[in-house]
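J.: Coordinates for the following, if possible.
(4 chains)
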Protein chains: 2
Amino acid sequence: MTSEPPETETPKPEGLRARKRQETLQRIAETGLRLFGERGYEATTLDAIAEAAGISRRTFFSYFRSKEEILLEWQMRGFSAQLRRAVLAQPADRAPIAVVRDAMLQLAAGIRAQEFISIDRVMRASETLQARKQATYALQERALHEALVERWPDPARSQALRLVAMVSLGAMRLAIEAWIQAGGDRGAAPFLEDAFAQIAAEVCGVGGPSPAA
Amino acid sequence: MTSEPPETETPKPEGLRARKRQETLQRIAETGLRLFGERGYEATTLDAIAEAAGISRRTFFSYFRSKEEILLEWQMRGFSAQLRRAVLAQPADRAPIAVVRDAMLQLAAGIRAQEFISIDRVMRASETLQARKQATYALQERALHEALVERWPDPARSQALRLVAMVSLGAMRLAIEAWIQAGGDRGAAPFLEDAFAQIAAEVCGVGGPSPAA
DNA sequence: TGAAAAGCTGCACTCGGTGCAGTAAAAAAT
DNA sequence: ATTTTTTACTGCACCGAGTGCAGCTTTTCA
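T.: Have a look, this model is predicted:
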């Protein structure tokens, strides 16, 4: 034997190492989220998280680069990529902003309101987290812009597509806020549609002297 | 007599105390800005700033709540208030977004490109500062929204005005970016006009309630 | 089985930020 | 001019986040 590794059991992923790492990562994230919810973000120290997750404080930093990243990771990882995929999957003959809107509507159907609102509550309670959240919106804006450029590669359009990305993410931000404020019971889709419709209503009268007030 | 204090000389402000405080505040800000420019933001410690400004490390925190605030203070203090004033001063019969655009154009004429670009360079070099900058945009969004509501007090319009604030600030963000990238020689106004025009072009073709996907 | 690679840990250290207590200086009261 | 009260400045001790390093254990690979 020994020329061929036995591999008696490898449940899902390759390598024992990778699997353990994945488990630990998940455990840290869950532990952190739970403690944040119980005691608040600032009041939860890294020592507490590390101890509760069964690792050393030092090891925490080999999984997350910072305390904030526990919260931000899920928001970044995943969403940008999902949105990109949804954008590229839309029919080709529509205006960019309509494509983004529909892509967002599609994604909105899949969010878990429970967890989403819980995380939002934690973030809302900390000023520094609010700042970081805004920063992730900026990153998502970049990512969305890249997806749009991939879709409409005309270089002359790139700048306009940045604006589309910005406006769309802005609409999403507001829709999310309104949705959460409403309790999150009804789906998020109507809020998203409203936001996009309102933007169209406000922006389009800009050139002329005065719109129909 | 003596019911009237002589006031042999009081240069500008009331109280000796207030004047010294103002001087110290200015000195700290200038010192910090200079050191950030020379060594970079992260590499400049509070000890260094305090020593160079002739105060103790502890005293720094009675002038600024954090190191970041040296950079952010100027960006917040001033701008939001200025924008509010300019918005309220616009003629009354125009669409909100046109009002904001013109208010921004008016403000754009008064910025000192030199200092602006210098600060921007410092902020661009630090990841955490980038995050904070995004956060100030969010605050400005709130402030602008409040100004708009003050102008068009109809409660039914408030939500729409939030979108106007968001879109306008977004346009400004992009305009600033393009302007700085272009070197800041020509005034910022054309970039602002372009950004608003492009938003109108992109958003207005979307059509209202026609998902039909 | 043994060597190399990757992971985990403790330790010491830096830096931003806060609470506290004591002292100096300015403002108000007498 | 003096006392008294208020406000500012300071040093000190302390906390928490984050990093570099060195040593140890575990997984991987030959």
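J.: only C-alpha atoms for contact and neighbour calcs from this point on.
T.: Will do.
J.: Would you check how far apart the residue positioned nearest the centre of chain A and B:Ala92 are?
T.: Nearest to the mean C-alpha position of chain A, counting by Cα atoms, centre = their mean, stands A:Gln75 at 3.1 Å. A:Gln75 sits 41 Å away from B:Ala92, going by Cα to Cα, to the nearest Å.
J.: Show the contacting residues for the residue nearest to the centre of chain A.
T.: Taking Cα atoms under 8 Å, 6 or more residues apart in numbering or on different chains, we find A:Gln75 in contact with A:Thr136.
J.: separation between it and DNA strand C?
T.: Per Cα to the nearest atom of the strand, to the nearest Å, A:Gln75 is found 23 Å from DNA strand C.
J.: moving C-terminal of the helix or strand hosting that residue, what's the next helix or strand?
T.: Applying DSSP states H and E as the criterion places A:Gln75 in helix A:68-76. Using DSSP H and E, the helix or strand that follows helix A:68-76 towards the C-terminus is helix A:79-89.
J.: is DNA strand D contacted by the strand or helix carrying A:Val122?
T.: Using DSSP H and E, the element containing A:Val122 is helix A:113-124. No. Judged by Cα under 7 Å from any atom of the strand, helix A:113-124 stays clear of DNA strand D, getting no closer than 14.4 Å.
J.: Just list what that helix packs against, helices and strands only.
T.: Packing partners of helix A:113-124 (3 or more Cα pairs under 8 Å, 6 or more residues apart in numbering or on different chains; DSSP states H and E): helix A:16-39, helix A:127-151.
J.: quick one: contacts of that helix?
T.: If you take Cα under 8 Å, 6+ apart as the criterion, helix A:113-124 is touched by A:33, A:36-37, A:40-41, A:71, A:129-130, A:180, A:184.
J.: can you list the weak-confidence ranges in chain A?
T.: Applying pLDDT under 70 to chain A picks out residues A:1-13, A:77, A:205-213.
J.: mind running it again at 80?
T.: Scanning chain A for pLDDT under 80 picks out the ranges A:1-16, A:74-78, A:202-213.
J.: Next to DNA strand C in this structure, residues from it, please.
T.: Selection of chain A residues close to DNA strand C by Cα under 7 Å from any atom of the strand yields A:2, A:17, A:21, A:24, A:54-59, A:62.
J.: Which of the residues you listed fall in helices?
T.: Among those, DSSP state H puts A:17, A:21, A:24, A:57-59 in helices.
J.: before we move on, back to that, list only buried entries from the residues of chain A next to DNA strand C.
T.: A:24, A:57 (16 or more other Cα atoms under 10 Å in any protein chain shown).
J.: out of the residues of chain A next to DNA strand C, who's near chain B?
T.: Among the residues of chain A next to DNA strand C, none lies close to chain B by the criterion of Cα under 8 Å from any Cα of the partner chain.
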